[in-house]
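Chemist: Pasting the sequence and the predicted coordinates here, then a few questions.
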Amino acid sequence: MDAAGLAKILSPEGWALLSALPPYDEARTMALSDRLRREGIDPELVAAALTQSRLRAKAHAKFESFADGMLFTPAGLEQATRLTVAAHHARRYRAAGVTKVADLTCGVGADSMAFAGVGLAVLAADTDELTAALATVNLRHFPDAEVRHTDGLTLDLEAEGVDGVYADPARRASGKRLFDPAAYAPPLDSVLDLRERVPALGVKIGPGVPHAALPADAETQWVSADGDVVEAGLWFGPLAPDGPGRSALVLRGTSARVVSDETDGEAPPVGAVGTYLYEPDGAVIRAGLVAQLALEVQGRLIDRTIAYVTSDVLHPSDAATGYRVLDTLPFGLKRLRTYLRERDVGRVAIKKRGTAVVPEQLRKQLDLRGPAEATVVLTRVGGAQQVLVVEPL
């Protein structure tokens with residue numbers, strides 16, 4: 001959507017049309033578009049409204065029902081923080097005693113909405129004029145939130161009374177992911193320099209950041225939402241009350257769990273496969289906290305290089321997916337095929353770690369036809385390729 005399209009959407013006629021559209025259905029979009037145009041509605045307005053309807057439908061995964069009152073661009077929606085994650089960001093600032101947050105790269109306003117929603121004053125900025133306009137619309141219900149079309153790094157934070165700063169630098173250019181922090185927009189070092197002026201600084205970065213690149217004075221927290229690792233965050237000063245280090249925030253449905261390192265640096269033991277197998281959440285793995293999970297479930301690694309934990313006792317964990325181990329056998333196509341066919345297995349879920357096997361190719365090679373279902377884990381155990389037959393807890 002361009003500025004002309006936004007102007008049409010924000011007109012009384014445009015807003016009324018957008019509000020009156022039925023739930024988005026791709027199969028019916030063409031017919032709906034034709035009908036609206038036959039009724040004399042401006043074709044450009046129809047196109048803009050249907051685009052927003054499609055983006056709102058897609059945005060429900062991040063914003064739930066709030067999406068129905070928001071406006072988006074495809075790029076803005078892609079980069080926007082999920083509402084559940086943004087709410088945790090906002091709680092950090094409130095718990096630190098921050099009263100006014102400068103959101104230096106506000107995008108469509110997701111994090112700014114969360115900040116304002118917990119009662120913080122917000123000064124939001126974006127270098128793109130259209131994006132700033134969309135954020136203004138999305139923040140219209142919060143009187144203490146202001147959006148400016150400007151480079152957030154140029155804000156006079158002290159004069160504005162800002163005591164907390166947040167930034168989500170753009171990590172893509174021309175559709176390609178950027179791996180050099182100096183190429184972010186704005187550059188990561190320029191953002192990090194702000195902690196000398198405002199100690200309460202938070203920065204959203206990609207979850208693939210190597211541990212060696214982390215600032216020594218930051219708490220780095222990896223975040224997963226319903227099994228997907230969605231971000232890492234750098235938190236400084238009062239936003240990191242427990243001091244520097246690594247942690248994981250695991251969000252599953254309405255539950256939230258923070259995993260921190262309490263192992264005192266001790267490496268977890270390695271041993272034979274036990275009665276239960278635990279697959280650590282991706283955020284726990286990225287944060288390097290598999291040893292902490294092993295400690296919690298009284299377990300051990302099945303291999304020094306593999307992020308699977310096994311235990312002889314049941315310890316349900318909201319930081320891992322648990323399985324009961326039914327059988328183990330050395331990996332071999334013929335052996336596995338025979339094993340599964342003898343048990344009338346026709347549908348098999350294949351999990352893998354530490355092996356080059358491609359699950360879809362293996363599934364075709366197994367050629368199973370029975371009525372039963374099974375779950376197998378292809379991995380290394382003590383350096384040897386093994387198959388674990390498991391069932392979810």
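Modeler: Structure's in. What do you need?

Chemist: Does D111 belong to a helix, a strand or coil?
Modeler: Assigned by DSSP: H, G, I helix; E, B strand; the rest coil, the conformation of D111 is helix.

Chemist: For the nearest residue to it once chain neighbours are set aside, report the pLDDT, please.
Modeler: The shortest distance from D111 to any non-neighbouring residue, by Cβ to Cβ, 6 or more residues apart in numbering, is to A86 (4.8 Å). Quick note: C-beta positions are derived from backbone N, CA and C, even for glycine. A86 is assigned a predicted lDDT (pLDDT) of 97.

Chemist: list the contacts for A86?
Modeler: A110, D111, M113, A114 (Cβ atoms under 8 Å, 6 or more residues apart in numbering).

Chemist: swap in R304?
Modeler: Contacts of R304 by Cβ under 8 Å, 6+ apart are V270.

Chemist: how near is it to A61?
Modeler: Between R304 and A61 the computed distance is 37 Å (Cβ to Cβ, to the nearest Å).

Chemist: just to revisit the earlier point, doesn't the residue nearest to D111 fall inside a helix?
Modeler: Yes: counting by three-state DSSP, one finds A86 located in a helix.

Chemist: you'd agree P241 is up against Y93?
Modeler: No: in this structure P241 lies outside contact range of Y93 using Cβ atoms under 8 Å: 12.0 Å.

Chemist: Which residue, other than its chain neighbours, is closest to E64?
Modeler: Here the residue nearest E64, using Cβ to Cβ, 6+ apart, is L83, at 6.5 Å.

Chemist: Compute the distance between that neighbour and A167, please.
Modeler: In terms of Cβ to Cβ, L83 sits 19 Å off from A167.

Chemist: which of those two has more neighbours?
Modeler: Taking neighbours as other Cβ atoms under 10 Å, L83 and A167 compare with A167 leading, 26 against 19.

Chemist: what residues are up against that one?
Modeler: D103, L104, T105, G152, P186, V191, L194, L201, G202, V203, K204.

Chemist: In terms of neighbours, single out the busier of P241 and Y93.
Modeler: Legend: neighbour count by other Cβ under 10 Å for P241 and Y93, higher for Y93 (26 against 11).

Chemist: Next, the contact list for that one, please.
Modeler: V101, F115, V118, L120, G164, Y166, A200, G202, L239.

Chemist: can you redo those as JSON lines with neighbour count, secondary structure and pLDDT?
Modeler: Shown next, in JSON lines, are those (neighbours: other Cβ atoms under 10 Å; DSSP: H, G, I helix; E, B strand; the rest coil; pLDDT from 0 to 100):
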{"residue": "V101", "neighbour count": "30", "secondary structure": "strand", "pLDDT": "98"}
{"residue": "F115", "neighbour count": "33", "secondary structure": "helix", "pLDDT": "98"}
{"residue": "V118", "neighbour count": "14", "secondary structure": "coil", "pLDDT": "97"}
{"residue": "L120", "neighbour count": "21", "secondary structure": "coil", "pLDDT": "98"}
{"residue": "G164", "neighbour count": "28", "secondary structure": "strand", "pLDDT": "98"}
{"residue": "Y166", "neighbour count": "32", "secondary structure": "strand", "pLDDT": "98"}
{"residue": "A200", "neighbour count": "22", "secondary structure": "coil", "pLDDT": "98"}
{"residue": "G202", "neighbour count": "29", "secondary structure": "strand", "pLDDT": "98"}
{"residue": "L239", "neighbour count": "24", "secondary structure": "helix", "pLDDT": "98"}
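
Chemist: and of those, the nearest to D126?
Modeler: Y166 (12.8 Å; Cβ to Cβ).

Chemist: middle-most residue in the chain, spatially?
Modeler: V230 (1.9 Å; Cα atoms, centre = their mean).

Chemist: Which pLDDT value belongs to that one?
Modeler: If you check V230, the pLDDT there is 96.

Chemist: Quick check: phi and psi at it.
Modeler: Main-chain dihedrals, V230, degrees, to the nearest 10: phi -110, psi -20.
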